[in-house]
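J.: Need coordinates for the below:
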Amino acid sequence: LVTGMLHAYRALFTGSLLKPFSKEVALFMRNNSERHKRRLMHLSVLSLSNGISCLRGNSSGPQYVDEFITEEHLAEALRNKETTFCECMLAIKLMCSCIFRRLDEIKPIARQYLELFERQGSASAQFI
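T.: Numbers count the residues shown, from 1 in each chain. Purely as a prediction, here's the structure:
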């Protein structure tokens, strides 16, 4: 389940076509709905799906990334030491903010991203 989820994140971050990719993610979610015992994993896959909807401009989906990736979700991931999920959610937030030119959101998200890596001892906030 985690491997499939991380593969889907990699596909999004490397520029897969959104329309066929959204179908693949929907199928992945449907096939693994019973396995979503871990709330954070479910939130992570759901944030990926909603991120695709946001990027595609679906009128039925969320219009802003803050509607589906909240500070509570990020805090829950950090409390549970799920840094991979936290990193993926922050990357989606950053990607959507850059693409939609929400410049006021970019710096705080980038700072959160760097703080995540600083906790792991592998980053420096010199470029912000």
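J.: make it CA atoms for all contacts and neighbour counts henceforth
T.: Will do.
J.: For burial, what's the neighbour tally of residue 105?
T.: Look at residue 105: counted by other CA atoms under 10 Å, it has 15 neighbours.
J.: right, and it touches residue 95 too?
T.: No. Using CA atoms under 8 Å, residue 105 is not in contact with residue 95; the gap is 10.7 Å.
J.: which residues in the protein form helices?
T.: 2-13, 18-31, 39-56, 71-79, 83-99, 103-119 (DSSP state H).
J.: Can you tell me which of those helices is nearest to residue 65?
T.: Shortest distance between residue 65 and the helices of the chain, using CA to CA, is found for helix 83-99: 5.9 Å.
J.: That closest one packs against which elements?
T.: helix 39-56, helix 71-79, helix 103-119 (3 or more CA pairs under 8 Å, 6 or more residues apart in numbering; DSSP states H and E).
J.: which helices and strands does the longest one pack with?
T.: In other words, helix 39-56. Helix 39-56 packs on helix 2-13, helix 18-31, helix 71-79, helix 83-99, going by 3+ CA pairs under 8 Å, 6+ apart.
J.: export it as CSV, just CAs?
T.: Extracted in CSV, the C-alpha atoms of helix 39-56 (Å, rounded to 0.1, in the frame of the first residue of the first chain):
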residue,chain,number,x,y,z
ARG,A,39,-5.8,7.3,9.1
LEU,A,40,-2.6,9.2,8.0
MET,A,41,-2.2,6.9,5.0
HIS,A,42,-5.8,7.5,4.0
LEU,A,43,-5.3,11.3,4.4
SER,A,44,-2.2,11.2,2.3
VAL,A,45,-3.8,9.3,-0.6
LEU,A,46,-6.8,11.5,-0.3
SER,A,47,-4.7,14.6,-0.4
LEU,A,48,-3.0,13.3,-3.6
SER,A,49,-6.4,12.7,-5.2
ASN,A,50,-7.7,16.1,-4.2
GLY,A,51,-4.4,17.7,-5.4
ILE,A,52,-5.0,16.2,-8.8
SER,A,53,-8.6,17.5,-8.8
CYS,A,54,-7.3,21.0,-7.8
LEU,A,55,-4.7,21.0,-10.5
ARG,A,56,-7.2,19.8,-13.1
